[in-house]
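Asker: Below are the sequence and a predicted model for it; my questions follow.
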Amino acid sequence: MTDRLDDPQVYLPDLFATHARHYPDKDAVLCGEQRRTWSDFVGNMNRVANHLIASGIVKGDRVAVMMGNSVEMLDCLFGAVRAGACVVPLSGLLTADQLESLLEDCDAVAAFVSDDFRDRVMPFVERIPAIRKWIAHGFVAEGWETVSAIYSSAPDTMPDIRHAMTVAFNIIYSSGTTGLPKGIVQTHRARLHWAFSNAVDMQFSSNCRTLTTTPLYSNGTWLMMLPTLFAGGTLHVMPNFDATEFLQTVEREKISHTFMVPAQFLMVLQEPELDATDLSSLRTVLSAGSPPVSYT
């Protein structure tokens, strides 16, 4: 008890639970036609966490997430963190050999896999015995559990997990300048600082409505995602980027914050409907990444 009193910290999973208590019916995350209120989002996060804990996942274990953009991916990402694990989202652009290599590199003991990864993952499943639990989303396979079954069977109560600022929150793999994937380990302290410092700098609040246009495995996406969820705002996730849909979503949902890479900005600027679209709700528009280069 003394250790807890000497370390009065706030952790992101606990803060999300606070949002669910204060405004349970408010939209937390949306992707396509799917919506999660804060109550539903935290409930599913807890279901994933309780299932992982009951399956033997302990604090510090690596849990890989190979899923396309969806509300289920968010449930699994933050459910793994809620369980005390270090979550490892992997890129949908990787080959089967690259995925296998990174799963071994990060020492994953469990993995969530959506249907769009299935054909790449299945051939090497037997070659990674360290992964004790494979969980499918959008398909069924012998010996695998499913995300839908977790939703229907695991309790939605908050697990009694004591986080620590120095424990790993996630590993993000980035090719950087070398072309070789490098695992960037970020602790709870780093992610909490990332969330509140960017929330202050870019004016994220509980009223913000953020649109992410890039994959959820990307660190750039987390630049928008974490401050939004930290502040108790509403996160809109594009399943795939489309310039017309981007403009329509900004106008329809009154988006206040967004992030795009230069190529996406160019696509939006070339849209015929740009001038007729009401973009007045936008407060923060962030660009990052290398601009397209034409070699002649």
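Answerer: Sure thing, it's come through.
Asker: okay, the closest residue to Glu245 other than its chain neighbours: pLDDT?
Answerer: With sequence-adjacent residues excluded and distances taken as C-beta to C-beta, 6 or more residues apart in numbering, Glu245 is closest to Met238, at 6.9 Å. Glycine gets a C-beta too; all of them are placed from N, C-alpha and C. Per-residue pLDDT puts Met238 at 97.
Asker: List the contacts of Met238.
Answerer: Residues near Met238 by C-beta atoms under 8 Å, 6 or more residues apart in numbering: Cys31, Asn69, Leu211, Thr212, Thr213, Glu245, Phe246, Thr249.
Asker: for the stretch 51-200 of the chain, which spans come out with low pLDDT?
Answerer: Residue ranges of the stretch 51-200 of the chain with pLDDT under 70: 175-180.
Asker: ranges for the helices of it?
Answerer: Using DSSP state H, counting those that start in this stretch, the helices of the stretch 51-200 of the chain run over 71-82, 96-105, 115-121, 147-153, 188-201.
Asker: Throw those into CSV and include distance to Thr228 and mean neighbour count, thanks.
Answerer: Below are those laid out as CSV (distance: least, C-beta to C-beta, whole Å; neighbours: other C-beta atoms under 10 Å):
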stretch, distance to Thr228, mean neighbour count
helix 71-82, 11, 26
helix 96-105, 27, 17
helix 115-121, 25, 16
helix 147-153, 23, 16
helix 188-201, 8, 17
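Asker: Identify the residues contacting stretch 98-105?
Answerer: Residues outside stretch 98-105 that contact it (C-beta under 8 Å, 6+ apart) are 64, 66, 88, 90, 94, 111, 117, 120-121, 124, 127-128, 130-131, 173, 181, 183.
Asker: Filter the residues you listed down to the buried ones.
Answerer: Neighbour counting with 16 or more other C-beta atoms under 10 Å marks 64, 66, 88, 90, 94, 111, 117, 120-121, 124, 128, 131, 173, 181 as buried within those.
Asker: now for the residues you listed, which pair is the farthest apart?
Answerer: Across the buried ones among the contacts of stretch 98-105, the longest distance by C-beta to C-beta is 18.1 Å; it joins Ile131 and Pro181.
Asker: pLDDT at Asp3, what is it?
Answerer: 51.
Asker: picking that back up, which among the buried ones among the contacts of stretch 98-105 gets closest to Tyr151?
Answerer: Closest approach to Tyr151 among the buried ones among the contacts of stretch 98-105 (C-beta to C-beta): Ala111, at 17.9 Å.
Asker: so what's the closest one closest to, chain neighbours aside?
Answerer: Leaving aside its chain neighbours, Ala111 sits nearest to Ala64 (4.2 Å; criterion: C-beta to C-beta, 6+ apart).
Asker: Is the one you found bridged to anything, and to what?
Answerer: Val88, Ala111 (DSSP bridges).
Asker: contacting residues around it?
Answerer: Neighbouring residues of Ala64 by C-beta under 8 Å, 6+ apart: Val87, Val88, Pro89, Leu90, Leu103, Cys106, Ala108, Ala110, Ala111, Phe112, Ile131.
Asker: do that again at 10 Å, thanks
Answerer: The contact partners of Ala64, by C-beta atoms under 10 Å, 6 or more residues apart in numbering, come to 76, 80, 86-90, 99, 102-103, 106-113, 121, 128, 131, 134, 171.
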